[in-house]
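**Q** Build me a model from this:
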Amino acid sequence: MSGIKGFLSNGIGIDLGTANTLVYLKDSGVVMSEPSVVAIYSNSKKVVAVGEKAKKMLGKTPGNITAIRPMKVGVIADYEITEIMLRYFIEKASKQFSFIQPKVVIAVPSGITGVERRAVQEAAIRAGARSVLLQEEPLMAAIGVGLPIEEPNASMIVDIGGGTTEVAVISLSNVVCSRSVRIGGDEFDNCIIQYMKRAYNLIIGERTAEEIKINIGSAFPLDKELTWEVKGRDAQSGLPKTLYVSSQEIREALSDPFNAITNVIHEVLQRIEPELSADLTTRGIVLSGGGALIRNLNLRISASTLMPCFVADNPLRAVVNGTGAVLENYDFWTKENS
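**A** As a prediction, this is how the structure comes out:
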């Protein structure tokens with residue numbers, strides 16, 4: 001009987017990100033991490049590939065196939081394709097209990113509208129969820145990195161995803177103050193694309209920009225600066241072109257989004273009570289999300305705020321691990337949200 005009860009209580013936690021979707025299966029942990037990309041036939045809308053296979057097609061598809069990223073700046077930009085993508089992830093994760101519709105916990109940006117929240121819920125229900133519980137991304141990230149959110153002291157999380165950056169101060173298991181800015185890894189990539197065109201007349205795609213960001217991106221001077229070979233198309237001749245860029249150049253190219261993130265952090269710090277500010281002078285700021293992996297971003301934020309700033313362990317899984325913790329105590333969280 002206990003086996004049947006456990007079987008029926010199964011659930012799925014989803015970090016439905018602009019760049020990547022991560023899936024947590026109750027009692028199994030993180031079982032999936034794939035790009036939030038769907039490739040379809042342009043005429044019939046029939047699905048060609050989802051996730052990793054679809055991402056490899058970005059910028060390289062023939063005329064009859066389109067690779068789509070249905071999430072933009074943390075919200076649904078293409079409802080139909082998001083539903084297809086959610087169904088793929090839910091079905092793939094729930095094969096072991098395929099005859100039972102799972103309850104699903106989905107992390108969403110704190111700044112989204114009621115209409116945007118309903119769109120996520122409806123897409124998940126249509127994709128096969130039995131019930132859907134939405135939770136704010138910064139709260140999930142704080143739980144996922146192990147911050148003591150239930151204490152009467154302030155914890156600060158900065159979750160930098162593909163589409164948004166979520167900044168929140170949390171105390172007594174509640175978000176005291178939060179701000180969401182629609183800047184993240186995608187904007188970093190876009191700034192690199194624009195810089196390469198402006199500085200070198202070189203046209204590059206999203207995948208190349210992401211490679212540059214990952215390999216030499218930094219927010220603060222490095223002990224040893226780096227260089228990277230970049231291949232693209234010359235904007236004038238239209239011919240292939242190869243050149244080298246430095247980490248100093250890319251740091252300058254990314255200065256605007258970095259400054260926007262530190263400005264939002266300052267805004268939140270200015271809005272909280274002095275007693276909570278006092279907590280943070282010793283506890284500091286914790287970074288999560290893919291953007292936290294930018295070299296020395298914590299040092300840039302620390303220099304700007306004059307507070308300690310740390311990168312969470314396994315920052316990419318912070319939010320989805322938080323949804324997993326909610327699944328493990330689902331009844332408590334459904335009461336909290338009722």
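**Q** Need the three-state assignment for the closest residue in space to Asn296 that isn't next to it in sequence.
**A** Nearest non-adjacent residue to Asn296, counting by CB to CB, 6 or more residues apart in numbering: Phe220, 3.6 Å away. All C-beta atoms are positioned from the backbone trio N, CA, C, and that covers glycine. Recorded secondary structure, Phe220: coil (DSSP: H, G, I helix; E, B strand; the rest coil).
**Q** can you count the residues close to Phe220?
**A** 16 (other CB atoms under 10 Å).
**Q** Repeat that for Gly205.
**A** Gly205: 15 neighbours (other CB under 10 Å).
**Q** Quick check: phi and psi at the residue nearest to Asn296.
**A** Phi and psi for Phe220, reported as degrees, to the nearest 10, are phi -150, psi 150.
**Q** Could you do Asn298 as well?
**A** According to degrees, to the nearest 10, Asn298 has phi -60, psi -30.
**Q** so it makes contact with Val286?
**A** No - here Asn298 lies out of contact with Val286, judged by CB atoms under 8 Å, at a distance of 9.2 Å.
**Q** For these two, indicate the residue with more neighbours.
**A** Val286 (25 against 21).
**Q** who's the more buried one bridged to?
**A** With DSSP bridges applied, Val286 shows beta-bridge pairing to Ile157, Phe310.
**Q** check contacts around it.
**A** Residues in contact with Val286, defined by CB atoms under 8 Å, 6 or more residues apart in numbering, are 142, 145, 147, 155-158, 309-312.
**Q** out of those, who's nearest Lys213?
**A** Each of those was checked against Lys213 using CB to CB; the closest is Val311, at 16.0 Å.
**Q** and Ile294, what does it touch?
**A** Per CB under 8 Å, 6+ apart, neighbours of Ile294: 188, 213, 217-219, 254.
**Q** what's the distance between the residue nearest the centre of the chain and Leu287?
**A** For the chain, Gly161 is the residue whose C-alpha lies nearest the centre (CA atoms, centre = their mean; 3.0 Å). Per CB to CB, to the nearest Å, Gly161 is found 12 Å from Leu287.
**Q** quick one on the thing from earlier: any chance of the contacts of Val286 in JSON lines, plus pLDDT?
**A** Shown next, in JSON lines, are these (pLDDT from 0 to 100):
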{"residue": "Ala142", "pLDDT": "96"}
{"residue": "Val145", "pLDDT": "96"}
{"residue": "Leu147", "pLDDT": "95"}
{"residue": "Ser155", "pLDDT": "95"}
{"residue": "Met156", "pLDDT": "97"}
{"residue": "Ile157", "pLDDT": "98"}
{"residue": "Val158", "pLDDT": "98"}
{"residue": "Cys309", "pLDDT": "97"}
{"residue": "Phe310", "pLDDT": "97"}
{"residue": "Val311", "pLDDT": "98"}
{"residue": "Ala312", "pLDDT": "97"}
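**Q** By neighbour count, which of those residues wins?
**A** Going by other CB under 10 Å, Ile157 tops those with 31 neighbours.
**Q** Quick check, that one in contact with Ala142.
**A** Yes - Ile157 is within contact range of Ala142, at 4.4 Å (criterion: CB under 8 Å).
**Q** Quick check: PyMOL command selecting the buried ones in the contacts of Ile294.
**A** To isolate the buried subset of the contacts of Ile294 in PyMOL, counting by 16 or more other CB atoms under 10 Å, use the following:
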select buried, resi 188+213+217+218+219+254
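**Q** tell me the pLDDT at the closest residue to Tyr88 other than its chain neighbours?
**A** Distances taken as CB to CB, 6+ apart put Val50 closest to Tyr88, at 4.4 Å, once the chain neighbours are dropped. Val50 is assigned a pLDDT of 92 by the prediction.
**Q** residue contacts, Val50?
**A** Counting by CB under 8 Å, 6+ apart, Val50 has contacts 34, 37-39, 84-85, 88-89.
**Q** try it again with 7 Å
**A** 38, 85, 88 (CB atoms under 7 Å, 6 or more residues apart in numbering).
**Q** tell me the domain boundaries of this structure?
**A** Annotated domains of the chain cover 2-137+318-336, 140-183+257-312, 185-253 [automatic domain parsing].
**Q** Run through the strands of the stretch 101-250 of the chain in chain order.
**A** Secondary structure of the stretch 101-250 of the chain (DSSP state E, counting those that start in this stretch): strands at 103-108, 131-136, 155-160, 165-171, 174-181, 202-203, 227-234, 240-246.
**Q** Tell me the buried residues in the fifth one?
**A** This means strand 174-181. Buried-residue list, strand 174-181, by 16+ other CB under 10 Å: 175-181.
**Q** Widest-spaced pair of the residues you listed?
**A** Counting by CB to CB, the most remote pair of those is Val176 and Val181, 18.0 Å apart.
**Q** follow-up on the earlier one: common neighbours of Ile157 and Ala142, please.
**A** Shared contacts of Ile157 and Ala142, counting by CB under 7 Å, 6+ apart, come down to Ile170.
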